[in-house]
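*Asks:* I need the structure of the sequence given here:
(chains A and B)
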Amino acid sequence: MVRERRAARESRRAREFEAFVAGAGGRLLHAATLLTGERPTRDTTAAQHLLTAALARTYARWDRLRGEDPYDRTRMELAALFARGGHHYRRPRGGTLDRLAPRERLVLVLRLYEGVAEEQTAAALGLPVERVRAICTRAVSVMRSGVPRQPSPPRRGDTATDATTGTPAGAPKAAGAAGTGP
Amino acid sequence: MSAWDRKEDEVRRMMEGPHPLLPPDLADRAAGRGRRILRRHRAVRTVGWVLLFAAILAFSVWAAIVEPWTAPPTNTTPPLEGW
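*Replies:* Got it, this is the predicted structure:
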């Protein structure tokens, strides 16, 4: 009896989850490639890995979402996973947000690509709202300055980007702190 | 529209770009991993309950044998008076 009920619940969850991934997976994977800095049309292994981990956590919570949007949930899991392992993605890979530090990418993707509110972004990253606003402003100005970061070596690429925007201390500090975020 | 909104829009357009192709087995892989997480959670919960029940049982048996609520027998003899 209990076993049957559990089996029914599992098959329903699997069905709903599959439908959810079929609908939202493309956009989520795009967001993940923006975060990892990979080129969307090329190999997206790191982004797929990140997204699989985030989706697995959403799956594990599926029965207890209680009306919470699974897309929103996955997005926040993705952000948390990326914030924890952000230092793995410092190496430029030719993606759109390549010239930004991991945390700047995260803020830009959440705020502008996903349209998450400032307060919610700040809460998710464990930062004050003013800090999120500052990171976002800086990231936007770096993106608009239009000088692509040199693919190698990555360290020198960082400082080269800073020189163009006139904030020599900003990027390394942000990049260094990204790894220690929540 | 303010200048700032225009700048934001510009960056938003940069980020749109071409979408990557979603691998067809990604949902299955994620579901498999999610099931493993659930199994692990369930196992941890089961172990927790078993430990709790074992602790309660051990305490009950000890209490039934030792009966710590009864007063210990007095070691001193009462004073002898009017003898």
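
*Asks:* Find the closest residue to chain B in chain A.
*Replies:* Here chain A gets closest to chain B at one residue, A:Tyr59, 2.6 Å apart by C-beta to the nearest C-beta. In short, each C-beta sits where N, CA and C put it, glycine included.

*Asks:* Point out where the chain drops to low pLDDT.
*Replies:* Using chain A. Applying pLDDT under 70 to chain A flags residues A:86-87, A:90-94, A:146-182.

*Asks:* The intended chain is chain B.
*Replies:* For chain B (pLDDT under 70), the answer is B:1.

*Asks:* what's the distance between the residue nearest to A:Leu112 when sequence neighbours are not counted and A:Thr96?
*Replies:* Setting aside the residues directly before and after it, A:Leu112 is nearest to B:Arg12 in space (C-beta to C-beta, 6 or more residues apart in numbering or on different chains), at 5.0 Å. For B:Arg12, the distance to A:Thr96 equals 11 Å [C-beta to C-beta, to the nearest Å].

*Asks:* sorry, back to before: my guess is the residue nearest to A:Leu112 contacts A:Glu114, does it?
*Replies:* No. In this structure, B:Arg12 is not within contact of A:Glu114 by C-beta atoms under 8 Å, at 10.5 Å.

*Asks:* the more surrounded of the two?
*Replies:* More crowded of B:Arg12 and A:Glu114, by other C-beta atoms under 10 Å in any protein chain shown: A:Glu114, with 21 against 15.

*Asks:* Give me the most central residue, chain B.
*Replies:* What sits nearest the mean C-alpha location of chain B, by C-alpha atoms, centre = their mean, is B:Arg45, with 6.8 Å.

*Asks:* what separates the helix or strand harbouring it from the chain centre, distance-wise?
*Replies:* Under the criterion of DSSP states H and E, B:Arg45 resides in helix B:26-66. Offset of helix B:26-66 from its chain centre (C-alpha atoms, centre = their mean, to the nearest Å): 9 Å.

*Asks:* how about residue 26, what does it touch?
*Replies:* Chain wasn't specified; assuming chain A. B:His19, B:Pro20, B:Leu22 (C-beta atoms under 8 Å, 6 or more residues apart in numbering or on different chains).

*Asks:* think we crossed wires, I meant chain B
*Replies:* So B:Leu26 contacts A:Val21, A:Gly25, A:Leu29, A:Gln48, A:Leu51, A:Thr52, A:Leu55 (C-beta under 8 Å, 6+ apart).

*Asks:* Identify the farthest-apart pair in those.
*Replies:* A:Val21 and A:Gln48 (12.1 Å; C-beta to C-beta).

*Asks:* more neighbours, the two?
*Replies:* Ranked by neighbour count (other C-beta under 10 Å), A:Val21 and A:Gln48 place A:Val21 first, with 24 against 21.

*Asks:* what's the nearest residue to the more buried one if we skip its chain neighbours?
*Replies:* B:Ala27 (3.8 Å).

*Asks:* do B:Arg36 as well
*Replies:* Nearest non-adjacent residue to B:Arg36 (C-beta to C-beta, 6+ apart): A:Ala56, at 7.8 Å.

*Asks:* Return the distance of that neighbour relative to B:Ser2.
*Replies:* When A:Ala56 is compared with B:Ser2 (using C-beta to C-beta), they lie 41 Å apart.

*Asks:* Looking at the two, which is more packed in?
*Replies:* Taking other C-beta under 10 Å, A:Ala56 and B:Ser2 do not tie; A:Ala56 has more neighbours (22 against 7).

*Asks:* Number of residues surrounding the closest residue to B:Gly34 other than its chain neighbours?
*Replies:* In this structure, B:Gly34 finds its nearest non-sequential neighbour in A:Tyr59, 2.6 Å apart by C-beta to C-beta, 6+ apart. With neighbours defined by other C-beta under 10 Å, the count for A:Tyr59 comes to 27.
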